[in-house]
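Colleague: Whatever this is, show me its structure:
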Amino acid sequence: PLNLIKNGPYGSPEQNFYHYRGVEVKHGRIAMAATLGMLTQQNYHFQGYLSPSENLQFSDVPNGLAALDVVPLSGWVQIAVLIGAHEVIVKQREGKAPGDFGTGYFGVAMDDQ
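Modeller: From the prediction side, this is the model:
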C-alpha cells in the first residue's frame with residue numbers, strides 16, 4: 001500500500017539490506033553484552049547505593065527478572081533514556097562496513113586495523 005514492498009522503507013533493496021545488516025550487528029552486540037551481564041551478576045554486585053533516597057543498595061537487588069519489582073521507576077526511566085540517546089546519537093558511518101559506528105574498541109579506531 002505504501003510502495004514498501006517494491007523498494008522498502010529505506011529506498012532501494014541494496015539500501016534496505018545495508019540498513020538491516022547494520023541493525024543486525026548492533027543488536028547482536030547488545031545481546032552479547034546482555035549475556036555477559038547476566039553471567040556477571042551471578043558473581044558480583046556493585047558496592048554502594050542504587051537509590052540513596054529509598055535506602056536501596058545494589059546488594060539488595062536480586063538477580064534476573066526479580067529485579068523488575070525492586071528497582072525504582074526512576075531507575076528504569078534513566079535506563080530507557082540512556083538506550084534512546086544511544087540509538088539517536090550512535091549512527092552507521094556512511095560508506096563503511098555494516099556495523100561500523102565509528103566508536104572503535106578499547107581506544108583503537110576501526111580504521112586503524
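Colleague: any chance you could map the strands in the protein?
Modeller: 49-51, 56-57 (DSSP state E).
Colleague: For Gly37, which of those is the nearest?
Modeller: Closest approach to Gly37 among the strands of the chain is made by strand 49-51 (15.2 Å; Cβ to Cβ). For every residue, glycine as well, the C-beta is placed using N, CA and C.
Colleague: Show me which residues of that closest one are buried.
Modeller: Neighbour-count burial for strand 49-51, counted by 16 or more other Cβ atoms under 10 Å, picks out 50-51.
Colleague: Report all helices and strands that it contacts.
Modeller: For strand 49-51, the packing partners by 3 or more Cβ pairs under 8 Å, 6 or more residues apart in numbering; DSSP states H and E come out as strand 56-57, helix 73-89.
Colleague: avg pLDDT for the longest one?
Modeller: When you say that, I think you mean helix 73-89. For helix 73-89, mean pLDDT is 91.
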